[in-house]
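A.B. asks: Fold the following and give me the result.
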Amino acid sequence: MKLKLKTEVKQDYLSVKNGFDAKLFLSLNPPFPPVKLKEFGGCEKGDKVHLELNFIFFKQDWISEITFDRTSESVFEFIDEGTQLPFFLKYWKHHHIVEKAQENRSFIIDDIEFKSPFKLMDFILYPVLWLQFAYRKPIYKKLFSTPVN
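C.D. replies: Okay, the predicted model is just below:
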């Protein structure tokens, strides 16, 4: 299944790129499940991100590897792909895109493709994942609200 959300922010795309760090990553996580960041390698090809999701009665590791990154005159983008996923996912590919919109404005795009072990579960997960990524929109807007000069 595919999921795509787009958020306009009031910073240029290179400033937003510089803000893609462990602190931002932690601030984007919704209240449930609580997430422990075990490793944040960065946003460049070969980097890894290791999370521990706490579902109260059990914990699940989620490890992704950055398989692509690029910065051009109008876009910063990278892709993380799940290498070890929680039980409810069997495939994860998240294309992070920050596009130049105009001076001191850009678009943050979360373009996600996922699969669960069962097709029916894909349809159940879709609104849950949509809400979790929609949760990021006001955070992006707040954190990237002041132009950087």
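A.B. asks: only C-alpha atoms for contact and neighbour calcs from this point on.
C.D. replies: Will do.
A.B. asks: any idea which helix or strand comes after the helix or strand bottoming out on mean pLDDT in the chain?
C.D. replies: The helix or strand of the chain with the poorest confidence is helix 22-27; it has a mean of 84 (mean pLDDT, DSSP states H and E). For helix 22-27, the following helix or strand on the C-terminal side (DSSP states H and E) is strand 35-40.
A.B. asks: contacts for whichever helix or strand comes after that next one?
C.D. replies: For strand 35-40, the following helix or strand on the C-terminal side (DSSP H and E) is strand 48-54. Contacts made with strand 48-54 from outside it, assessed by CA atoms under 8 Å, 6 or more residues apart in numbering, are listed as 33-42, 59-66.
A.B. asks: just checking, next helix/strand downstream of strand 48-54?
C.D. replies: strand 59-71.
A.B. asks: Which strands and helices lie in contact with that following strand?
C.D. replies: Strand 59-71 sits against strand 48-54, strand 75-84, with contacts defined as 3 or more CA pairs under 8 Å, 6 or more residues apart in numbering; DSSP states H and E.
A.B. asks: Show me the one of the ones you listed that comes nearest M1.
C.D. replies: strand 75-84 (14.5 Å; CA to CA).
A.B. asks: The closest one to strand 59-71, inter-axis angle?
C.D. replies: 150 degrees (axes from the mean of the first three to the mean of the last three CA atoms, to 10 degrees).
A.B. asks: Which positions in strand 75-84 come out as buried?
C.D. replies: V75, F76, E77, F78, I79, D80, E81, G82, Q84 (16 or more other CA atoms under 10 Å).
A.B. asks: Cool, thanks, signing off.
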